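J.: 3D model of this:
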Amino acid sequence: DIGSDGLGDLEARLERRRSARPARPATFAKRAFVGRWRMLIDMEGGAPLSYAVVLRPGGTFRTVGGGEGEAAVLGGRWAVWGRGMAKGV
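T.: Residues are numbered from 1 along each chain as shown. Model prediction:
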């Protein structure tokens, strides 16, 4: 019997091992997502905002053209996230 303290130590060691593993390769080719998309931003307490964005091959994005709620210019980085790449997914 390892007891509750021993079990907690084992769980912590297992989590450290899992965290140290490299991420699995993406299931999807990133190039398949390059192009125009709609991005929906939903903040608690407010109406969702929708933006037209262009996903670029280099992993960056930027909003484009004047649809509803698109007064702001947004940009940043994007990536492909597949099933099993995050804990609990």
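J.: residue closest to the middle of the chain?
T.: Centroid-nearest residue in the chain: Trp81, 5.6 Å away (criterion: C-alpha atoms, centre = their mean).
J.: how much space is there between that one and Ala23?
T.: Per C-beta to C-beta, to the nearest Å, Trp81 is found 10 Å from Ala23. C-betas here are computed from N, CA, C, even on glycine.
J.: for Gly8, same thing?
T.: Counting by C-beta to C-beta, the separation of Gly8 from Ala23 is 26 Å.
J.: What helix or strand is Leu7 located in?
T.: Using DSSP states H and E, the element containing Leu7 is helix 3-20.
J.: Oops, could you answer that again for Gly76 instead?
T.: Using DSSP H and E, the element containing Gly76 is strand 75-77.
J.: Ok, Val80 next?
T.: Using DSSP H and E, Val80 maps to neither a helix nor a strand.
J.: Now for it, how many residues are close by?
T.: For Val80, the neighbour count with other C-beta atoms under 10 Å is 15.
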